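*Asks:* I'll drop the sequence and a predicted model, then ask my questions.
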Amino acid sequence: MSEDKVNCKDVMHHVCETLGEDLNSDRCVAIKKHLEECSGCKSYFETIEITIDYYRKYNEKMPEDAHEKLMKFLDLDDCE
Amino acid sequence: MEETEIIKLAQKGDRKALAQIVKKYEQTIYNFSFKICRDRNKAEHIMQETFFSMVKSLHQFDGNSKLSTWLYRIVSNHCLMLARKMKSRPFVSLEDDEGLFEDKHAADWSSLPYKSTENKELKSILDDSISKLSPEYRMIFLLRDVEGLSTEETAQATELSVPAVKSRLHRARAFLRNELNKSFQK
């Protein structure tokens, strides 16, 4: 991919590959410029972020008795 | 007391220090296990096995990585071992990523009804989508994006190279996003 000419598919690929990475190369500047001007790619970028955010917020609490069972299993139940 | 001091005490056989470490990380390890196997009983079993391994091999921990990264490596191994033992449906292949990055996948989610992950329907969509990914891809996505490890730490925890982590990660992200998109369009 050239540094100043990118298409939407390049951008989608790049967004997935580099999200969360340091984006300062010439290639990344071109990608950022494309993102500002292309509503489709901007939406794609946002939906990738929303996907990650959903999985980040979907958490499961340990069952109430799991801690006690774990400490017994490890023979550490007298250490609390 | 600093964590490094607690680890040193635990390595010398101090059981109270060991218990402190277990207590500090048990919820994290349970949550991660659950996210991989999507089953409460299995998650509890993996958590127990992870800490059992930790107790046995803590003397080998050299402090070159964070303790959490080291624990993620242990829990990841247990998750993979369990997944390989289980007979499950075939997972999607992401080796060919051509179809993952097509313009037709562009969509606007700004008016999504799902504002909270407490929503049962959304939970079901998230469960179904990630279940289609093989545990190897699931692990990378969860360690890097959900647990917030750096790419290098994810590579350490999974014993993969950094380029291999990046490659799996971007495919997993695109795949999950496309699965969610399909569900949201229904």
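*Replies:* Here it is on my side, so go on. Residues are numbered from 1 along each chain as shown, chains lettered A, B, ... in the order given.

*Asks:* Run through who's touching the helix or strand that contains B:Arg138.
*Replies:* Per DSSP states H and E, B:Arg138 falls inside helix B:135-141. Contacts of helix B:135-141 with the rest of the structure, by CB atoms under 8 Å, 6 or more residues apart in numbering or on different chains, involve A:55, B:35-36, B:76, B:79-80, B:83, B:91, B:94, B:130, B:133, B:154, B:158, B:160, B:165, B:168-169, B:171-173, B:175-176. All C-beta spots, glycine's among them, are computed from the backbone N, C-alpha and C.

*Asks:* chain center to that helix: distance?
*Replies:* Taking CA atoms, centre = their mean, to the nearest Å, one finds helix B:135-141 lying 7 Å from the centre of the chain it belongs to.

*Asks:* For that helix, the averaged confidence score.
*Replies:* Average pLDDT, helix B:135-141: 91.

*Asks:* packing partners for the following helix or strand past that helix?
*Replies:* The helix or strand immediately downstream of helix B:135-141 is helix B:151-158, counting by DSSP H and E. The contact analysis (3 or more CB pairs under 8 Å, 6 or more residues apart in numbering or on different chains; DSSP states H and E) places helix B:151-158 against helix B:67-85, helix B:135-141, helix B:162-185.

*Asks:* What does B:Asp14 show for phi and psi?
*Replies:* phi -70, psi 110 (degrees, to the nearest 10).

*Asks:* actually B:Met47, not the one I typed
*Replies:* The phi/psi pair for B:Met47 (degrees, to the nearest 10) reads phi -60, psi -50.

*Asks:* average pLDDT for the helix or strand containing A:Cys28?
*Replies:* Assigned by DSSP H and E, A:Cys28 belongs to helix A:26-37. The pLDDT scores in helix A:26-37 average 77.

*Asks:* Next one: stretch B:19-32, is it in contact with chain A?
*Replies:* Yes. Using CB under 8 Å from any CB of the partner chain, we find that stretch B:19-32 touches chain A at B:19, B:22-23, B:26-27, B:30-31.

*Asks:* before we move on, back to that, buried deepest among the helices and strands packed on helix B:151-158, which one?
*Replies:* helix B:135-141 (a mean of 23; mean count of other CB atoms under 10 Å in any protein chain shown).

*Asks:* measure stretch B:143-150 end to end?
*Replies:* Length of stretch B:143-150, first residue to last, CA to CA, to the nearest Å: 8 Å.

*Asks:* Stretch B:107-127 too?
*Replies:* End-to-end distance of stretch B:107-127 (CA to CA): 21 Å.

*Asks:* Give me the contact list for it.
*Replies:* Under the criterion CB under 8 Å, 6+ apart, residues A:43-44, A:46-47, A:50, A:54-55, A:57-58, B:38, B:180-181, B:183-185 lie in contact with stretch B:107-127.

*Asks:* And for stretch A:57-66?
*Replies:* For stretch A:57-66, contacts defined as CB under 8 Å, 6+ apart pick out B:26-27, B:30-31, B:34-35, B:40, B:43-44, B:47, B:117, B:123, B:126.
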